[in-house]
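Visitor: Give me a model of this one.
(2 chains)
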Amino acid sequence: MPLNRDYIGHTFPPTEPYEVSRVKIREFADAIGDANPVYRDREAAKAAGHPDVVAPPTFPIVFTMGGAALAGADLGVNYAMVVHGEQRFEYTRPVRAGDTVVCQSTINDIRAAGRNELMTIQTEVKTVEGEHVCTAYNTLVERGGAA
Amino acid sequence: MSARIKYDEVEVGAEIPAQTYPIDRGNLVRYAGASGDFNPIHWRESFAKAVGLPDVIAHGMFTMAEAGRYITDWVGDPGALVDYGVRFSGMVVVPDEGGNELEVSGVVEQKLDDNKVVVALTARAQGEKVLTRAKATVRLA
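Guide: Purely as a prediction, here's the structure:
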């Protein structure tokens, strides 16, 4: 079904803080098969100029996929028909162990593309101290939503 | 930060050597756990087929992660990445037997100021492009 256009421009409340741990970063790096020592060895990370181990570039998907923020809204999304259309990250700096981050999402756009509905969500990721870490742009496709 | 590639030594049009990344079901199970994306199309064959897919398919974000690894391995430091975006244009089908392979290649498309370059990435599986408009902006040494 068509998505609720009233949500274009809507900003959701910030998420609960997410604590980034070395263990989670290592688990994610292992899962993508990336052996880079800056994801697991604090000394290697420091030698590369980071204060602690950093996370791989796509790690922020762990807390920016947006499901929690959107689930309660009367957007009209049929999640069984949703696929991931596009993803982009703009980085101020890498996520690193010890960060506690808060995400705030805004629906930038909802539009029809053929038989599908496209929704683009922008999520600002900041530390609880207010430092900007990255911005995620996530385009979801609801297959058949505009049919 | 410690990018190992020097801006002054990189020309527009320079090709980055292609890399191949094998993908099997075990990778997808681990990625599901690490990312929190437990959609059964990525690990349960009967479910994937019931919703019209040819077989289990890889998470799009797994493919994006492999192409991200390609670019950070080239530049030498994940902290050098300024901007990274992709469009998911095709499925990476992962059969139980044999799995699949992702081939990633890249070309320096543009040199920007402040030692930044834009790399256009190509990711292919089973002979077709699975990412389009895939670009990474990195700050070189």
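
Visitor: can you count the residues close to the closest residue to A:H132 other than its chain neighbours?
Guide: Take A:H132 and drop its neighbours on the chain: the residue closest to it by Cβ to Cβ, 6 or more residues apart in numbering or on different chains is A:T92, 4.7 Å away. Just so you know, the C-beta spots here come from the backbone N, C-alpha and C atoms, and that holds for glycine as well. Counted with other Cβ atoms under 10 Å in any protein chain shown, residues neighbouring A:T92 total 12.

Visitor: how close does B:V138 get to B:I71?
Guide: Noted for B:V138: a distance of 7 Å to B:I71, by Cβ to Cβ, to the nearest Å.

Visitor: Comparing the two, which shows the higher neighbour count?
Guide: B:V138 (27 against 23).

Visitor: Can you give me the distance of the more buried one to B:K116?
Guide: Taking Cβ to Cβ, one finds B:V138 at 7 Å from B:K116.

Visitor: Kindly report the same for B:M61.
Guide: 24 Å.

Visitor: more crowded one of the two?
Guide: Of the pair B:M61 and B:K116, B:M61 is the one with more neighbours under other Cβ under 10 Å, namely 21 against 16.

Visitor: so when I look at the more buried one, I'm seeing a helix, right?
Guide: Yes - counting by DSSP: H, G, I helix; E, B strand; the rest coil, B:M61 is located in a helix.

Visitor: Just to check, it is in contact with A:Q87?
Guide: Yes - with contact defined as Cβ atoms under 8 Å, B:M61 reaches A:Q87; the gap is 6.9 Å.

Visitor: Let's verify the closest residue to chain A within chain B: helix, strand, or coil?
Guide: Taking Cβ to the nearest Cβ as the measure, chain B has B:G85 as its residue closest to chain A, at 3.0 Å. With three-state DSSP as the basis, B:G85 sits in strand.

Visitor: ok so, going back, overlap in contacts of B:V138 and B:K116?
Guide: B:V82 (Cβ atoms under 8 Å, 6 or more residues apart in numbering or on different chains).

Visitor: mean confidence for the longest strand along chain A?
Guide: Taking DSSP state E as the criterion, chain A has its longest strand at strand A:100-113. Here strand A:100-113 scores 95 as its mean pLDDT.

Visitor: how far is the helix of greatest length in chain A from where the chain is centred?
Guide: Criterion DSSP state H: the longest helix present in chain A is helix A:22-31. With Cα atoms, centre = their mean, to the nearest Å as the basis, helix A:22-31 stands 17 Å off its chain's centre.

Visitor: May I have it as PDB, with CA atoms only?
Guide: The C-alpha coordinates for helix A:22-31 follow below in PDB (Å, rounded to 0.1, in the frame of the first residue of the first chain):
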ATOM      1  CA  ARG A  22      35.600  -3.800  21.300                       C
ATOM      2  CA  VAL A  23      34.000  -7.300  21.300                       C
ATOM      3  CA  LYS A  24      31.200  -6.200  19.000                       C
ATOM      4  CA  ILE A  25      33.600  -4.500  16.600                       C
ATOM      5  CA  ARG A  26      35.700  -7.700  16.500                       C
ATOM      6  CA  GLU A  27      32.600  -9.800  16.000                       C
ATOM      7  CA  PHE A  28      31.500  -7.600  13.000                       C
ATOM      8  CA  ALA A  29      35.000  -7.600  11.500                       C
ATOM      9  CA  ASP A  30      35.200 -11.400  11.800                       C
ATOM     10  CA  ALA A  31      31.800 -11.700  10.200                       C
END
